[in-house]
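Asks: Just need the structure, nothing else, for what follows:
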Amino acid sequence: MIILENITMNEFRRYLRQTKTIVFPFGTIEEHGSHLPLNTDALIIVEVLKRVAHRKKFFLAPLMYYGVCTTTRDHPGTISITPETLRLLARDLVTEAYRKGLRNFLLISGHGGSLHMAALKEASEILVETLEGIRIAAFTPYELLWRELSQVAETPNDSHAGELESSMVLALAPELVKGRAPEEYPRIPKPFSVRDKVRYWPGGVWGNPEKATVGKGERAVELMVNSIAALLGTLEGKEKRRSSSR
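Replies: The predicted model follows:
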């Protein structure tokens, strides 16, 4: 497991001969109901990537804790940044890693907010046009595995701090789960933007946490691990074919 912040510069040089791939994880400090910690998005994606790192060789960069939170921005505990900040940060991180010799980049987010993901994807589109020879993807596992994860959950349309996220935190860090928040869904009138979002979504839960179990959490985590490992395998295969054609 190559944890970027724990290695020396000499180890970096040595590992760079073995892999040109780096994964940047993105999370949030965001409310997740009255029962889950503010770092839920960060916790899940980092633990998933640590499991992937036991199967595949890549540089695992330090977590970016802050993200773009819109619907939850006014809830207690949420600390959000702007899409522009996230977009510029992603561009700077990849550009600097490229300068050090890395060529394959995965920007993987534990938070699936639309503006958050749009910022990461826009950055990746700019980077692939400006940096010669890179391969890059920006995604959240929830987007790739929507169908599979929906089959794990009993709750239809389960989402934020609901059955699945509660199950995964139960599986990964049960000591951080403080009981169960009641089932709830946001009542923000679509397609309007509203100022007082807490009024329409007081508990900050989208789903039914009471149906969460450790077993469901382990199944969801394994789905994510397998999906990301497969993607890295594809990336490595293309990298080898590219190297052999030179």
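
Asks: those helices in the chain, which residues are they?
Replies: 9-16, 40-53, 83-99, 114-130, 141-144, 146-152, 163-172, 197-200, 214-244 (DSSP state H).

Asks: Please work out which of the ones you listed is packed deepest.
Replies: The highest mean neighbour count among the helices of the chain, using mean count of other CB atoms under 10 Å, belongs to helix 163-172: a mean of 25. Using the backbone N, CA and C atoms, a C-beta is placed for each residue, glycine as well.

Asks: so can I have TSV of the helices of the chain showing mean pLDDT and distance to residue 66?
Replies: TSV is the format used below for these (pLDDT from 0 to 100; distance: least, CB to CB, whole Å):
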stretch	mean pLDDT	distance to residue 66
helix 9-16	98	26
helix 40-53	98	9
helix 83-99	98	8
helix 114-130	98	10
helix 141-144	96	19
helix 146-152	96	25
helix 163-172	98	18
helix 197-200	95	19
helix 214-244	86	22
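
Asks: possible to save these as TSV with distance to residue 105?
Replies: Putting the helices of the chain into TSV (distance: least, CB to CB, whole Å) gives the following:
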stretch	distance to residue 105
helix 9-16	14
helix 40-53	14
helix 83-99	5
helix 114-130	8
helix 141-144	16
helix 146-152	23
helix 163-172	25
helix 197-200	33
helix 214-244	9
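
Asks: between the ones you listed, which gets nearest to residue 184?
Replies: helix 197-200 (10.8 Å; CB to CB).

Asks: Nearest to residue 25, out of the helices of the chain?
Replies: Nearest to residue 25, of these and by CB to CB, is helix 40-53 at 4.9 Å.

Asks: how far off helix 163-172 does that closest one point, in degrees?
Replies: Interaxial angle, helix 40-53 versus helix 163-172 (axes from the mean of the first three to the mean of the last three CA atoms, to 10 degrees): 60 degrees.

Asks: which helices and strands does helix 40-53 pack with?
Replies: Packing partners of helix 40-53 (3 or more CB pairs under 8 Å, 6 or more residues apart in numbering; DSSP states H and E): strand 21-26, strand 59-60, strand 104-109, helix 163-172, helix 214-244.

Asks: Just the residues contacting that helix, thanks.
Replies: The contact list for helix 40-53 (CB atoms under 8 Å, 6 or more residues apart in numbering) reads 1-3, 23, 25-30, 32, 37, 60, 63, 65, 67, 108-111, 141, 161, 165, 168-169, 172-173, 176, 221, 224-225, 228-229, 232.

Asks: swap the cut-off to 7 Å and go again
Replies: 1, 23, 25, 27-28, 30, 32, 37, 60, 63, 65, 108-111, 165, 168-169, 172-173, 221, 224-225, 228-229 (CB atoms under 7 Å, 6 or more residues apart in numbering).
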